[in-house]
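With the input below, show me the fold.
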Amino acid sequence: MPKNRIFECTNLECGFRFPVYDPSDDPHRCPCCGSLNPILRVQFEPARVDPHLCRPSEIVLEAVLDNIRSGYNVGSMFRSSDGAGVSRLHLCGLTPTPGQNAVAKISLGAEQAVPWVYYPATLQAAASLHENGFRLWALEGGSQVVSIFDMIPEAARPDARVALVCGNEVSGVDPQVLDLCEQRVAIPMAGIKDSLNVAVAFGIAVYLLRWAGRFQPEGSQNLPRITG
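Take a look at the predicted model:
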């Protein structure tokens, strides 16, 4: 595997320092001020996550993307799904599918590793998952939500099968799809805004649900089931 390299501008008034990871792109000019022949300062191997950290809970987690508009968001959601171990993505309505440039640009190959299926209507995906024993949880706001942190006991159950439903960036989850959801979960917001970017929220949610068992004290698997 090629090493990453850090270059530094030779112009003392600039001092721009920047990474280069492709040997064919080694710079002849500073990308900031244009000075000639930046100096190679250091080269290093890309960092890797220690494998012993990669032991999530036993939950079977899939996700439904309900009319997500942005291919960049979808690409990010593919990459988060690959990292967290989401079993399958259900792409619905106008959600861009792999093969579109924006998806591939952000997912960096994750779209080839995460199984996915496309549905013209999100209701079809939701109904199919419900029939196959998945509990549908909508990542949504509103007055009927619970904190996603309160769902940790449920996500940590050995037999948990959850489909996380994420809605359109502007309009949210289709109301008829919400009617099929057992629970609406929200990420608490401490600032002036009442929501996060959908891809950011998705990443937080899938990692929390997949690693829920690590936050469980002994005996908590016997907690009562939350039914909303």
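
Spell out, range by range, the helices that occur in the chain.
For the chain, applying DSSP state H gives helices covering 71-84, 101-107, 122-131, 152-155, 175-178, 198-210.

which of the residues in the second one are buried?
Neighbour-count burial for helix 101-107, with 16 or more other Cβ atoms under 10 Å as criterion, is recorded at Val103, Ala104, Ile106, Ser107. Bear in mind the C-beta positions are built from the backbone N, C-alpha and C, glycine included.

In JSON lines: the residues you listed, plus pLDDT and distance to Gln183.
JSON lines is the format used below for the buried residues of helix 101-107 (pLDDT from 0 to 100; distance: Cβ to Cβ, whole Å):
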{"residue": "Val103", "pLDDT": "97", "distance to Gln183": "29"}
{"residue": "Ala104", "pLDDT": "95", "distance to Gln183": "33"}
{"residue": "Ile106", "pLDDT": "96", "distance to Gln183": "29"}
{"residue": "Ser107", "pLDDT": "96", "distance to Gln183": "28"}
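
farthest-separated two in those?
Ala104 and Ile106 (7.7 Å; Cβ to Cβ).

overlap in contacts of these two?
Here Ala104 and Ile106 have Gly75 as joint contacts, going by Cβ atoms under 8 Å, 6 or more residues apart in numbering.

the domain parsing of the chain - what is it?
Under automatic domain parsing, the residue ranges defining each domain of the chain are 4-44, 55-220.

what's the most buried one of those?
Mean neighbours per residue, mean count of other Cβ atoms under 10 Å, is largest over the domains of the chain for domain 55-220, with a mean of 18.
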